[in-house]
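>>> only geometry, no sequence info:
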């Protein structure tokens, strides 16, 4: 079971995973050795991956969408495997309410996204899909990222 120190460390890492452990130690008043040990203890279980959030538009990828898919039962596994391997699929989730999965996709432009959808329709015979274009980020990856508000969350 995680205690308050663990939760504060995790929140600090969520806020900025590149900050030095000495800075986290100073802010939380926890010894660096304790922070290091807690991080090591939680790697690969709670702490799944260190990553960087990107503004894809700076790289020329201006079209993002969340797409809900319902595949034909006979092609479902093959379709999910295809999405796993597709480089334009940023995230993939299993969902409910009449759909099999939801993919967050990133493309240079709307034409490339439409070509992707057409190819999927032809190859897998998608039964149902819903496309929701992402126009702007209003809030992104903020849950559990403030060590001072841990008591409000748990």
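Thanks, I have the structure now. Since the model is a prediction, treat every value here as computed from it, not as a measurement.
>>> going forward, measure contacts between C-alpha atoms and count neighbours the same way
OK.
>>> for the protein, just list every one of the helices.
Assigned by DSSP state H, the chain shows helices spanning 4-15, 21-28, 32-42, 76-85, 110-124, 150-153.
>>> for the residue nearest in space to the middle of the chain, what are its contacts?
Closest residue to the average C-alpha location of the chain: residue 91 at 5.8 Å, with Cα atoms, centre = their mean. With contact taken as Cα atoms under 8 Å, 6 or more residues apart in numbering, residue 91 is in contact with 103, 104, 105.
>>> so it bridges to which residues?
Beta-bridge pairing for residue 91 (DSSP bridges): residue 104.
>>> what separation is there between it and residue 79?
Between residue 91 and residue 79 the computed distance is 15 Å (Cα to Cα, to the nearest Å).
>>> hmm, which helix or strand of this structure has the shakiest average pLDDT?
None of the helices or strands of the chain scores lower by mean pLDDT, DSSP states H and E than helix 150-153, at a mean of 86.
>>> outside of that one itself, list whatever touches it.
Helix 150-153 has contacts (Cα under 8 Å, 6+ apart) with 4, 7, 8, 11, 144.
>>> so for it, what gets flagged as buried?
By 16 or more other Cα atoms under 10 Å, the buried positions in helix 150-153 come out as residue 150.
>>> chain center to it: distance?
22 Å (Cα atoms, centre = their mean, to the nearest Å).
>>> sorry, back to before: could you measure from the residue nearest to the centre of the chain over to residue 6?
27 Å.
>>> and if you look at residue 150?
According to Cα to Cα, residue 150 stands 10 Å off from residue 6.
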